[in-house]
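Trainee: give me coordinates for this.
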Amino acid sequence: MTQCPVCLTADFETLLTRARVPVLQNVIVATEAEAREFPVARLRICRCNHCSFVWNADFDPDAIDYNLQYNNSVQASGVYLAHQQAMAEKVLALPGTLKCLEVGCGEGEFLNVLSRSGRLEKAIGFDPAHKGTYPLGEGVEVKRAYFDEAAAATLPGDINVVISRHTIEHIPEPRPFIAAIAAYVTARGLPLFLETPDVSWILRNNAFEDFFYEHCSLFSPRSIGYLLAEFGLDAEVEAVYGGQYMWISAKPSAARSRHPDAANDDRDAGAGITGALAYWQDVVRRHGSSGKVAIWGGASKGVTFALLIDGVDCAIDLNRSKQNCFMPVSAVPILPPEEALARGVNTIIVMNPNYAEEIRRQLDALGYRDRLLVLQDAA
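Mentor: Model prediction:
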């Protein structure tokens, strides 16, 4: 790729490359042998010096298959459920009865939250990876399909709000994706809510674990504002989820939208990623010499950490579907906390700082008194 997928300029730089990463992070791998033979691809993370968009320039959409083994549920965490509810409250702040469209709805979890409010009359979700894992709330319907202009033409005429959470980061061509959504909301004068990771947080924190194949498109407040302005939408961006995510409230512009003209604050960020990798490799080596090191988090962050850092004995995860399975490529086993502690684990590294206090309480209840570290903290 020779130009930025968002602003179409050729002024970009390569931040990092990784030769062999799993093409999917959030996938159920039942055996160690299957994990070691899991499909891999090349990661080449580039950053646009004009709009600050970050993307995997070597991404191949044909390598991705969100089949029945794909599972990125975090519904077992009370912390995440509280965040999900807080984002639902932002939608519920709209007046009147809600009639929602959600693009990339997953299993319909967010629409179910809205349904439980009593304010949702109907909701239609689109997601080609929908599995039907959970029963849908009253008034909620999910179509196992992509959302595009043809799909929009099938919708009832009374939809009054559009939502897309944690979807655009999986889209290698974000311009046509947003173009289809913008055309729909602009023609009807509807509010649009988006949620996606904030690459500014990743770069500021040298979060090497947050670059992986599935997330081929990573936005900053500047680049998401730029993209939405391209298609006639004004946006307000709010940091949520401890700063790791952005909540974007957008609406059709009364005038021609202007591109954000703020300086690219991310230009000097991310320079310490190599040092962060070396630091945590040393931590695992030192603590692994006198016991076993586990990571808490068997999803994307943990898969990347175990891939890049040698010496991880096992991963702990509360998602029952992943327990007693294996991480792709590294083949690190994923266990419930009780089984990990029974293996003699005496150092646990928490992959996501947002869950640190919740995890401390769970470990206290299990009688764990050994070392607990948090990935974004110093050891």
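Trainee: separation between the closest residue to P353 other than its chain neighbours and N352?
Mentor: If the residues on either side of it in the chain are set aside, P353 comes closest to Q376, at 4.7 Å by Cβ to Cβ, 6 or more residues apart in numbering. Heads up, the C-betas are built off the backbone N, CA and C, glycines and all. In this structure, Q376 lies at 9 Å from N352, with Cβ to Cβ, to the nearest Å as the measure.
Trainee: try C216
Mentor: Looking at C216 against N352, where the rule is Cβ to Cβ, the gap reads 21 Å.
Trainee: ok, those two, which is more surrounded?
Mentor: Relative neighbour count places N352 above the other of C216 and N352, with 27 against 24, counting by other Cβ atoms under 10 Å.
Trainee: quick check: that one touching I295?
Mentor: No. Because the distance of 10.4 Å does not satisfy Cβ atoms under 8 Å, N352 is recorded as not touching I295.
Trainee: please enumerate the helices of the stretch 1-150 of the chain.
Mentor: Taking DSSP state H, counting those that start in this stretch to define them, one finds helices in the stretch 1-150 of the chain at 32-36, 78-92, 109-116, 149-152.
Trainee: among these, which is nearest D127?
Mentor: Put simply, out of these the one that sits nearest D127 is helix 109-116, at 10.5 Å, with distance taken as Cβ to Cβ.
Trainee: outline the domain layout of this protein.
Mentor: With automatic domain parsing as the criterion, the domains of the chain are listed as 12-63, 78-252, 273-374.
Trainee: need those in TSV (columns: distance to C4).
Mentor: Below are these laid out as TSV (distance: least, Cβ to Cβ, whole Å):
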stretch	distance to C4
domain 12-63	4
domain 78-252	9
domain 273-374	21
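Trainee: any chance of the ones you listed in TSV, with distance to T2 and mean pLDDT too?
Mentor: Formatted as TSV, the domains of the chain follow (distance: least, Cβ to Cβ, whole Å; pLDDT from 0 to 100):
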stretch	distance to T2	mean pLDDT
domain 12-63	9	94
domain 78-252	15	94
domain 273-374	24	95
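Trainee: between those domains, which one is closest to V6.
Mentor: Among those, domain 12-63 comes nearest to V6, with 4.2 Å by Cβ to Cβ.
Trainee: gap between the two ends of the closest one?
Mentor: 24 Å (Cα to Cα, to the nearest Å).
Trainee: list the contacts for R18?
Mentor: Residues counted as contacts of R18 (Cβ atoms under 8 Å, 6 or more residues apart in numbering) are 42-43, 211, 308.
Trainee: which ones are touching the residue of the chain positioned farthest from its centre?
Mentor: Residue farthest from the centre of the chain, counting by Cα atoms, centre = their mean, is S290 at 34.2 Å. When contacts are counted by Cβ under 8 Å, 6+ apart, S290 touches N346.
Trainee: ok, now with 10 Å
Mentor: Going by Cβ atoms under 10 Å, 6 or more residues apart in numbering, S290 touches 346-347, 371.
Trainee: of the residues you listed, which is the most crowded?
Mentor: Scoring these on neighbours with other Cβ under 10 Å, the highest-scoring entry is T347 at 21 neighbours.
Trainee: name every strand pairing with whichever strand or helix holds that residue and say which way it goes.
Mentor: Secondary structure assigned from DSSP states H and E places T347 in strand 345-350. Taking DSSP bridges as the criterion, strand 345-350 pairs within the sheet with strand 292-296 (parallel), strand 371-374 (parallel).
Trainee: looking at those strands, spot the one closest to A86.
Mentor: For the strands paired with strand 345-350, the distance to A86 is smallest for strand 371-374, at 21.9 Å, taking Cβ to Cβ.
Trainee: among the contacts of R18, which ones are buried?
Mentor: Buried by 16 or more other Cβ atoms under 10 Å: 43, 211, 308, out of the contacts of R18.
Trainee: surely the last one and I295 touch.
Mentor: No. In this structure, L308 is not within contact of I295 by Cβ atoms under 10 Å, at 11.6 Å.
Trainee: need the overlap of contacts for the two.
Mentor: In the contact map built from Cβ under 10 Å, 6+ apart, the residues linked to both L308 and I295 are E209.
Trainee: and the residue nearest to P353, which of the three is it?
Mentor: State at Q376, reduced to three classes by DSSP: H, G, I helix; E, B strand; the rest coil: coil.
Trainee: which residue ranges of the stretch 151-300 of the chain form strands?
Mentor: Along the stretch 151-300 of the chain, the stretches classed as strands by DSSP state E, counting those that start in this stretch are 161-165, 192-197, 217-218, 233-240, 245-252, 292-296.
Trainee: may I have the second one as PDB, with CA atoms only?
Mentor: Output in PDB follows, covering the C-alpha atoms of strand 192-197 (Å, rounded to 0.1, in the frame of the first residue of the first chain):
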ATOM      1  CA  LEU A 192     -24.200   8.200  15.000                       C
ATOM      2  CA  PHE A 193     -22.200   6.600  17.900                       C
ATOM      3  CA  LEU A 194     -18.900   4.900  17.300                       C
ATOM      4  CA  GLU A 195     -16.500   3.200  19.800                       C
ATOM      5  CA  THR A 196     -13.000   2.100  18.800                       C
ATOM      6  CA  PRO A 197      -9.600   1.800  20.400                       C
END
